[in-house]
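K.L.:
All I have is the shape, not the residue letters:
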Ligand code: NZQ
Ligand code: ZN
């Protein structure tokens, strides 16, 4: 077991009707002029944006709005947001939407409070020293960005998708009303469940340290998300299932399920970021499509964890050998993906990659992680390429 820092400063306001508290919470955290940042329009169609602007109008809080954060949010809009905030003297960001709107807001927050090009942070050239305060009204349970320290932005030039993490961007508050997620397309609900699970699985498959309490939390979270993802595949309007998944999404990525280990593996995410950058796929689906190939490539180097996952999470009966048990666990996970209509390879993801594409992604990935990365197994460029090939 390793020592750790656990820092979760986000005030969570959870339940029906909580979006009506936006103005009150902005006041509580000192916001005087707000940028409301959102995505491609789902919040307009659902009426949520109007509700939020009404509450701010009633409270006399001035605001400007900026929509257009796309899945795999783009750097160009971040620059636009920074200019707008400076011009309008914005001192508080309210992201209304999913990980893309939240991450775009985080990048805008860095850009407004730090000199120079905000991309430098995502390009690992220097560290941010501040971020504008951010509040969130969450509309999709997935990334955990509502409590996390990270944001992921795609630079249009070269389609480079990169994440940057620092505690400065952790949201001040997160409003979570599970009812707001009921307008999601079923595909996005399932993508969210795949992402939530992966945030905990990345921290679970390690060769460095563990804590019994962390493992128990992680395994409970994974079982809960699987159970409720299947309920939602049948009945998307089930409030309790929506609520379970929504809270799991935050806990899966606020650091809780990594306490006491070496920080996790994270290679499935790094590989997916290449897919997201190049093919613009939904993040959760990209993760599901690559995980099985990654798992089969690394499981022998992390056998105790894969065996434990098979038995404790997937409910597999232990087989004659640990290897066999581990493989059954991987198969059971892929069966679960199929039950919630998630892809288990690139073909099912809708990606037709050439050998050159695979080589380019493996190269970019290796550069992005500084040569090698992983805890279940340390991967180099040739390993990354082998996993991409296996996932075709
Ligand atoms: O853009 P709109 O019109 O809002 O539509 C979105 C989008 O098309 C739609 N949607 C969201 N809530 C809805 C809704 N449609 C109907 N009703 C609702 N209530 O769903 C689509 C996906 O939204 P998006 O915000 O892109 O999804 P998600 O939350 O999965 O975010 C994905 C992005 O976050 C990054 C991913 O790489 C990707 O760029 N990640 C961020 C992390 C973080 N900051 O901690 C960690 C993750 O590992 C991840 O990398
Ligand atoms: Zn993720």
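P.N.:
Ah, there it is. For clarity, every value in this text was computed on a predicted model and none was experimentally measured. Ligands and ions are numbered 1, 2, ... in the order given.
K.L.:
which residues sit in contact with residue 210?
P.N.:
1, 260, 261 (Cβ atoms under 8 Å, 6 or more residues apart in numbering). Bear in mind the C-beta positions are built from the backbone N, C-alpha and C, glycine included.
K.L.:
Return the distance of the nearest residue to the first one once chain neighbours are set aside relative to ligand 1.
P.N.:
Right, residue 1. With sequence-adjacent residues excluded and distances taken as Cβ to Cβ, 6 or more residues apart in numbering, residue 1 is closest to residue 260, at 4.6 Å. Distance of residue 260 to ligand 1, computed by Cβ to the nearest ligand atom, to the nearest Å: 21 Å.
K.L.:
now residue 167
P.N.:
13 Å.
K.L.:
Number of residues surrounding that residue?
P.N.:
Counted with other Cβ atoms under 10 Å, the neighbours of residue 167 add up to 11.
K.L.:
thinking it is in contact with residue 149, fair?
P.N.:
Yes. Assessed by Cβ atoms under 8 Å, residue 167 is found in contact with residue 149 at 5.3 Å.
K.L.:
what residues does the chain put near ligand 1?
P.N.:
Residues of the chain lying near ligand 1 by Cβ under 6 Å from any ligand atom: 39-43, 46, 71-73, 97-101, 103, 139-140, 142-145, 148, 150-152, 180-181, 183-184, 188, 192, 195, 253, 269, 276, 283.
K.L.:
Next one: the residue nearest the centre of the chain from residue 237, what distance?
P.N.:
Nearest to the mean C-alpha position of the chain, by Cα atoms, centre = their mean, lies residue 143 at 2.5 Å. Distance, residue 143 to residue 237, using Cβ to Cβ, to the nearest Å: 23 Å.
K.L.:
Over to residue 27?
P.N.:
33 Å.
K.L.:
Same check on residue 274?
P.N.:
In this structure, residue 274 and residue 237 are 36 Å apart, going by Cβ to Cβ.
K.L.:
and what of residue 303?
P.N.:
Residue 303 is 42 Å from residue 237, by Cβ to Cβ.
K.L.:
Those two: which has the busier surroundings?
P.N.:
residue 303 (17 against 9).
K.L.:
Show the contacting residues for the nearest residue to residue 208 once chain neighbours are set aside.
P.N.:
Excluding the flanking residues, the one nearest residue 208 by Cβ to Cβ, 6+ apart is residue 262, at 2.7 Å. Residue 262 sits next to 2, 206, 207, 208, 209, 375 when contact means Cβ under 8 Å, 6+ apart.
K.L.:
Ranking by neighbours, what's the top pick from those residues?
P.N.:
residue 375 (23 neighbours).
K.L.:
Which pLDDT value belongs to that one?
P.N.:
According to the prediction, residue 375 has pLDDT 97.
K.L.:
So it sits against residue 206, correct?
P.N.:
Yes. With contact defined as Cβ under 8 Å, residue 375 reaches residue 206; the gap is 4.1 Å.
K.L.:
Next, show the common contact partners of the two.
P.N.:
Counting by Cβ under 8 Å, 6+ apart, the residues touching both residue 375 and residue 206 are 262, 263, 264, 265, 302.
K.L.:
Pull up the gap between the third one and residue 291, please.
P.N.:
So that's residue 264. As for residue 264, its distance to residue 291 is 14 Å (criterion: Cβ to Cβ).
K.L.:
what do you get for the second one?
P.N.:
Residue 263 sits 19 Å away from residue 291 when distances are taken as Cβ to Cβ.
K.L.:
Now do the strands in the stretch 1-150 of the chain.
P.N.:
11-14, 34-38, 63-66, 92-97, 134-138, 150-155 (DSSP state E, counting those that start in this stretch).
K.L.:
With mean neighbour count added, can I get these in a markdown table?
P.N.:
Putting these into a markdown table (neighbours: other Cβ atoms under 10 Å) gives the following:
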| stretch | mean neighbour count |
| --- | --- |
| strand 11-14 | 16 |
| strand 34-38 | 27 |
| strand 63-66 | 18 |
| strand 92-97 | 28 |
| strand 134-138 | 30 |
| strand 150-155 | 23 |
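K.L.:
mind putting the ones you listed in JSON lines, distance to residue 298 and mean pLDDT included?
P.N.:
Conversion of the strands of the stretch 1-150 of the chain to JSON lines gives the following (distance: least, Cβ to Cβ, whole Å; pLDDT from 0 to 100):
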{"stretch": "strand 11-14", "distance to residue 298": "34", "mean pLDDT": "98"}
{"stretch": "strand 34-38", "distance to residue 298": "38", "mean pLDDT": "98"}
{"stretch": "strand 63-66", "distance to residue 298": "41", "mean pLDDT": "98"}
{"stretch": "strand 92-97", "distance to residue 298": "34", "mean pLDDT": "98"}
{"stretch": "strand 134-138", "distance to residue 298": "32", "mean pLDDT": "98"}
{"stretch": "strand 150-155", "distance to residue 298": "23", "mean pLDDT": "96"}
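K.L.:
No further questions, thank you.
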